[in-house]
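# Make a model of this:
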Amino acid sequence: ILGITGADESSEYAAIGVNGGNAVITGGGVGSNSAGISFRTSSSGTEEEKMRITSGGNVCINVTSAGSNAKFEVKSTTGSVTSATARINGGSTTTGAINTGSTLLFAGHDGANVRDFASIFAAKENGTSGNHASYLVFGTRENGGSVAERLRISSAGNVTISGSLSKGSGSFKIDHPLVG
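Next up is the predicted model:
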């Protein structure tokens, strides 16, 4: 293990080594001192922090602390539907088959166990190679069940809601007053 001490040589340190068959990078503090890990890069000779893992385990990218009690935050200058702040890539499934894509799954504790609560799933709408049509699904979970599709937005912008609606059920179309 390679150890590097901080400026005062006694209260903070960094270490790189192997433990239990795993490579380990440690930002450590002695006594009541805490230390995170900062990742820095240099562009045109100017060094800047790009990512930090705080002593509390929060992961921060392009920001030094996560807001709203978040465990993960990415700061970005993007702001359109075609520019990504974060990208979830399901590209390891290379078949181009229908219903292949990426899922963001939300979980939490139900008082007894950790359970999956809801999901957002983006997937390919067809099995045609080179055809990019996709859909977006929102899923929720009923007590005693599993996460299931509740709302789907198709590549054409059509919205399908599953389950019971307060004034009927099924699919419906809402015409936008500004679109043809």
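
# Averaged pLDDT, stretch 39-51. What do you get?
Averaging pLDDT along stretch 39-51 gives 92.

# okay, that stretch in CSV with CA atoms only?
Provided in CSV are the C-alpha atoms of stretch 39-51 (Å, rounded to 0.1, in the frame of the first residue of the first chain):
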residue,chain,number,x,y,z
PHE,A,39,-10.5,13.7,-9.0
ARG,A,40,-8.9,16.6,-10.9
THR,A,41,-8.0,17.2,-14.6
SER,A,42,-6.1,19.8,-16.4
SER,A,43,-7.1,21.7,-19.6
SER,A,44,-4.7,24.2,-21.1
GLY,A,45,-2.6,24.1,-18.0
THR,A,46,-5.5,24.9,-15.6
GLU,A,47,-6.2,22.2,-13.1
GLU,A,48,-9.8,21.8,-11.9
GLU,A,49,-11.8,19.3,-9.8
LYS,A,50,-14.2,17.3,-11.9
MET,A,51,-15.5,14.7,-9.5
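
# Show me how far stretch 65-75 is from its chain's centre.
In terms of Cα atoms, centre = their mean, to the nearest Å, the centre of stretch 65-75 is set 12 Å apart from its chain centre.

# Mind listing residues that contact that stretch?
Contacting residues not belonging to stretch 65-75 are listed as 54, 57-63, 85-86 [Cβ atoms under 8 Å, 6 or more residues apart in numbering]. For every residue, glycine as well, the C-beta is placed using N, CA and C.

# Show me which positions of it end up buried.
66, 73-74 (16 or more other Cβ atoms under 10 Å).

# now those in JSON lines, with secondary structure and distance to residue 127?
Formatted as JSON lines, these follow (DSSP: H, G, I helix; E, B strand; the rest coil; distance: Cβ to Cβ, whole Å):
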{"residue": "66", "secondary structure": "coil", "distance to residue 127": "40"}
{"residue": "73", "secondary structure": "strand", "distance to residue 127": "37"}
{"residue": "74", "secondary structure": "strand", "distance to residue 127": "33"}
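
# if we can go back for a sec, just checking, which of the contacts of stretch 65-75 belong to strands?
59-61 (DSSP state E).

# would you list those residues in TSV and tack on distance to residue 113?
Converted to TSV, these look like this (distance: Cβ to Cβ, whole Å):
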residue	distance to residue 113
59	25
60	29
61	31
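
# Neighbour-wise, which one of those leads?
Counting neighbours by other Cβ atoms under 10 Å, the top entry in these is residue 60, with 23 neighbours.

# Specify the beta-bridge partners of residue 135.
Residue 135 has the following beta-bridge partners by DSSP bridges: residue 123.

# which residues touch it?
Residue 135 is in contact with 122-123, 125, 152-155, counting by Cβ under 8 Å, 6+ apart.

# Taking the residues you listed, please make a ChimeraX selection of just the buried ones.
Only the buried members of the contacts of residue 135 enter the following ChimeraX selection, criterion being 16+ other Cβ under 10 Å:
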select :123,125,152
